[in-house]
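J.: quick one: sequence plus predicted model below, questions after.
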Amino acid sequence: MLEMRIHGRGGQGVVTLAELLGKAALKAGQEVQTLPFFGVERRGAAVKAAVRFDTKPIKVHSQSYHPHILVLMNQNLLPIGLGDGIAQEGIIISNGTHPLAIDQKQWLVDATGIALDSDLVIGGEPFINVPMLGALARILEIPFPLVEETIREQWTEKKALPNVRAAQKSYESVKVVQGGAIHD
Amino acid sequence: MTKSVVFPLSQPTRGAGGPTGTWRTIRPVLDPEKCNGCLLCWIFCPEGVIRKEDRSVDYDYCKGCGICAVECPQKAFTMVKEEEE
Amino acid sequence: MSVKLKDFSETEFVVSGSAACAGCPSVMALRVVGKALGENAIMIMTPSCAVASIGLLPKSCYSVPTLNICFASAGASAGGMSLALDALYEKGRLQGEKPTVFNWVGDGGTYDIGFQGISAAAERNDDFIHFCYNNEAYSNTGVQRSGATPLYATTTTTPFGKEVNRKNLPLLMLEHRIPYVATASLAYPMDLYRKVAKAKSIKGFKYIEVHAPCYPGWKFAASDTVQMSRLAVKSGAWMLWEGEYGKLTLNNPTALYAQGKAATIPVEEYIGCQGRYAHLMKSPEKDTYLAELEEEVKRGLIFMAGRAEL
Amino acid sequence: MKKILDTGNAACALAVKAAHVDMIAAYPITPQTSIAEKLASYIGSGEMNAKYLPVESEHSALSAISAASTVGARVFTATSSQGLLYMHEIIHYAAGGRLPLVMANVNRAVCAPWCLYVDHQDSISQRDTGWIQFYAASNQEIYDTVFLAYKVAEASNVPVMVNFDGFLLSHSMMPFQLVEQEVIDKFLPPYEPAWQLHPKWGGTFANVTPSHEYVPIRTRQAEDIMKTGDLIKKFSREYQELTGHWHGDLFDVYRQDGAEVFLLSMGSMAAEMEIAVDMLREEGIPAAGLRLRVFRPFPGAELSQILPQGAKLLVFDRNCAFGTGGGALLSEAKNALFDRRDNLKVAGQIMGLGGEDLPAAYLAQKAREMMEVIK
């Protein structure tokens, strides 16, 4: 079983990201589970959700303590994310342009930039969950057509199009950082 | 499944409260000569024991409240003591 | 529209030999209601004298199909039943005309424990008639005070007289802006019949409150039950009116009193013969109390006349 | 049929829609709310041919569907925690009136103090009301159990409560397979009430009843509830034949072969318990998982049958039976096994209250501790 924990802030669409990722993984033939953290959600407050992937039905229902993948919707969530725990060989993927100062293997995607470029702005806020979706799908080796299909099922054609573009952009531009150097 | 035992259902029954005629100490007696058929006794009788047709009283269930005697504009009903058996 | 007694239908909701007290106002009023509603109706009851009057299972004194449910449930249960009937008739699982669903509930089940559910059903405009037969106390449990018990009346829980007044629940129901609200009296059966027939013809939430003097509770002679109802109206202590969507109309004789075209009888004539006010009648301050109650009646008439102008 | 990814609450609402329910009344409460929202939306959009009554309380929700049931409608409501407690009076009424209601209860702790997270105190508090109680452990099981619930309720005239864990199932998305409508319709034909309150038939329902009439009614009710265990077994098989879906009947037993230590629990913790069983097996402990799917009627005879001579039964309670020193499952299990004359041993622990997290390793540790106690 592969476990992922996503950290974000209220209003960033963390639960929707988990849902879309889960749906794409289901299309890829995996068993999945999304487990939102249940608090009284307030805009801007730290929120989190876990997503589990497996080849057989998932029996775990407890919280995620040692995820293999830690997702940070903002890089300033690093202390919260690490504080909640990560697997020994766990990797971190964050939304940003510069790598985090950590020893773990990390991936980087400029989800905010992609959201702004793709007109994914609602009420002045860049909507970063779909760009993050593209990046996570790439890391999980989910073929992009399944991501596109998932997005097209979620939104009407008009709304789906910029989202598909953004997801594709992040799917292609997410980079792995090793030894402080950014790799494609 | 025996319905009667399974479901708590009751059926409309005359005298569901028992032989309520025995509750009386006084009974209404109609003087048909005085009655003009206004039907006020019929509609005011709580138990519906006064027949619409002839204002005759069903003494099996009349409780003897006396409302018919009070309300009759013709004073056609008289309340009389139950015969002692 | 005037209806004659001889035109009243043969429908009887009450089968003779009920377990009600001799001279009970609830079964009396229910007989009139049955004649106005006709056979195609379903009744819902919550704990009350009307339930205690049924007789014991497997016998029932009511020929109209009847659901006995819990005390606070009348509003929701009638709303739920009516909506379910809508579903079943629309789906063709029941055929013919939908029965009139109505509550037959006392002032406890209406003013007090049941008020939340009734207010909510009124706000939703559920399709049924809520009847409150108001005997101004919890008579079923042995005459305890209720929200409908008037000022200074004694009950077993107000042994020295109730120190606060009743609430004007029919007016509160009018302010729900429901399709129809009416008050009625045992002593005016034609008026009651007309109001029930009217309520039956309207879709949505209808509220009818019948003033129902309870002789064991109020302590007067059983034979005077209708008389007491009449005195309540004639003194102005109970008012006859109806309202549609918040618009109020006073009915006669209340309208005549409110307009000053007829005079009410002194309130003493109404309450003086009720044992529940005996302590007032014997009090050295009797006149002060009576003046206060008289003032209360006057104020009520002026208030409702003013409300009818709106 | 297609497999979809959605929450436990969505699974529940989809099943209620497919069950051709006629009338629904519900009041929002966390974590149940989205069931009511989804059903209101299905009805509003015309996807579902039913009526929705937006009541002002849970007491009213159950009062409304109880009355609706008496006129012959298939009905539904859903609630949680305080809402379930507020219904208590009508929960008894519905069972005594033999109304075939189905209610979903999304398990949540009760106050004071306030807590939004899962435990089973709410539904366990209703254990003597005469309702059948299911506890589901996955979104698929929630979906499938709703159909089974109507089937059993209408065959027995005993109301059914379908329980599942707040948030852990209600808000957690997991894949589940939908069943074709024709198959559902075959399993669950249109509701044919045994009687209906209607002017055509008359009758007064539930008036005051003297002792000599009350006793046979209550006795019959108690007997009929005991018989629903066999109905559940029968209908679970029938459903399996039609759909291939199987979650166990009264119990779901995991790794029974050669087992001597049995870990008994309910709800989502029982799913994770299987991982704990695997851990214990790896240590050489002959453990098995016993997931109780039906708490009422309590399958005492079946429990006894599963347990071999000298077995160790470890009971994990997500509730507290205050004043007994343990949880309700422990009391029930001991009651069911009292007549055994072998050296069977039973131990119990209360855990997971107010959403306390229960990872498999923790469950395994608790199992080891209990084994020490009854060694």
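T.: Received, thanks.
J.: disregarding residues adjacent in the polypeptide, which is nearest to residue 16?
T.: Went with chain A since none was named. residue A:129 (5.6 Å; Cβ to Cβ, 6 or more residues apart in numbering or on different chains). From N, CA and C alone the C-beta is placed, and that goes for glycine too.
J.: hmm, I had chain B in mind actually
T.: residue C:55 (2.9 Å).
J.: up against chain A, what does the stretch 51-200 of chain D have?
T.: Remark: the part of the stretch 51-200 of chain D in contact with chain A comprises D:116, D:117, D:138, D:165, D:167, D:168, D:169, D:171, D:172, D:173, D:174, D:175, using Cβ under 8 Å from any Cβ of the partner chain.
J.: per-residue confidence for the residue most central in space within chain A?
T.: Centroid-nearest residue in chain A: residue A:132, 4.5 Å away (criterion: Cα atoms, centre = their mean). Listed pLDDT for residue A:132 reads 98.
J.: for the one helix or strand it maps to, name the packing helices and strands.
T.: Per DSSP states H and E, residue A:132 falls inside helix A:129-139. Where contact means 3 or more Cβ pairs under 8 Å, 6 or more residues apart in numbering or on different chains; DSSP states H and E, helix A:129-139 is packed against strand A:2-9, helix A:14-27, strand A:69-72, strand A:91-95, strand A:106-109, helix A:111-117, helix A:144-154, helix A:157-173.
J.: contacts for that helix?
T.: A:4, A:6, A:8, A:12-14, A:16-17, A:20-21, A:24, A:69, A:71, A:73, A:91, A:93, A:95, A:107, A:109, A:111-112, A:114-115, A:118, A:120, A:144, A:146-147, A:151, A:163, A:166-174 (Cβ atoms under 8 Å, 6 or more residues apart in numbering or on different chains).
J.: swap the cut-off to 7 Å and go again
T.: A:12-13, A:16-17, A:20-21, A:24, A:69, A:71, A:73, A:93, A:95, A:107, A:109, A:111, A:114-115, A:120, A:144, A:147, A:151, A:163, A:166-171, A:174 (Cβ atoms under 7 Å, 6 or more residues apart in numbering or on different chains).
J.: hmm, back to that, okay, and which of the residues of the stretch 51-200 of chain D next to chain A map to strands?
T.: If you go by DSSP state E, these have D:165, D:173, D:174, D:175 in strands.
J.: now, which of these sits nearest chain B?
T.: Of all those, chain B sits closest to residue D:165, with 33.7 Å by Cβ to the nearest Cβ.
J.: rewinding a little: where does the residue nearest to residue B:16 sit: helix, strand or coil?
T.: Put simply, residue C:55 is coil when judged by DSSP: H, G, I helix; E, B strand; the rest coil.
J.: please apply the same query to residue B:28.
T.: With three-state DSSP as the basis, residue B:28 sits in strand.
J.: give me the neighbour count for the residue nearest to it when sequence neighbours are not counted.
T.: Leaving out its chain neighbours, the residue that sits closest to residue B:28 by Cβ to Cβ, 6+ apart is residue B:77, at 4.5 Å. Counted with other Cβ atoms under 10 Å in any protein chain shown, residues neighbouring residue B:77 total 24.
J.: do the one 5 residues further on as well
T.: Counted by other Cβ under 10 Å, the residues lying close to residue B:82 total 13.
J.: same question for residue B:29.
T.: 12.
J.: for beta bridges, what are the partners of the spatially most central residue of chain D?
T.: By Cα atoms, centre = their mean, chain D has its centre lying nearest to residue D:134, at 1.9 Å. Beta-bridge pairing of residue D:134 under DSSP bridges involves residue D:162, residue D:294.
J.: what sits against it?
T.: Residue D:134 sits next to D:145, D:149, D:160, D:162, D:163, D:293, D:294 when contact means Cβ under 7 Å, 6+ apart.
J.: got any ranges where the chain has weak pLDDT?
T.: Using chain A here. Low-confidence segments of chain A (pLDDT under 70): A:40-41, A:179-180, A:183-184.
J.: if you could check chain C rather than the one you did, that'd help
T.: Low-confidence segments of chain C (pLDDT under 70): C:1-2.
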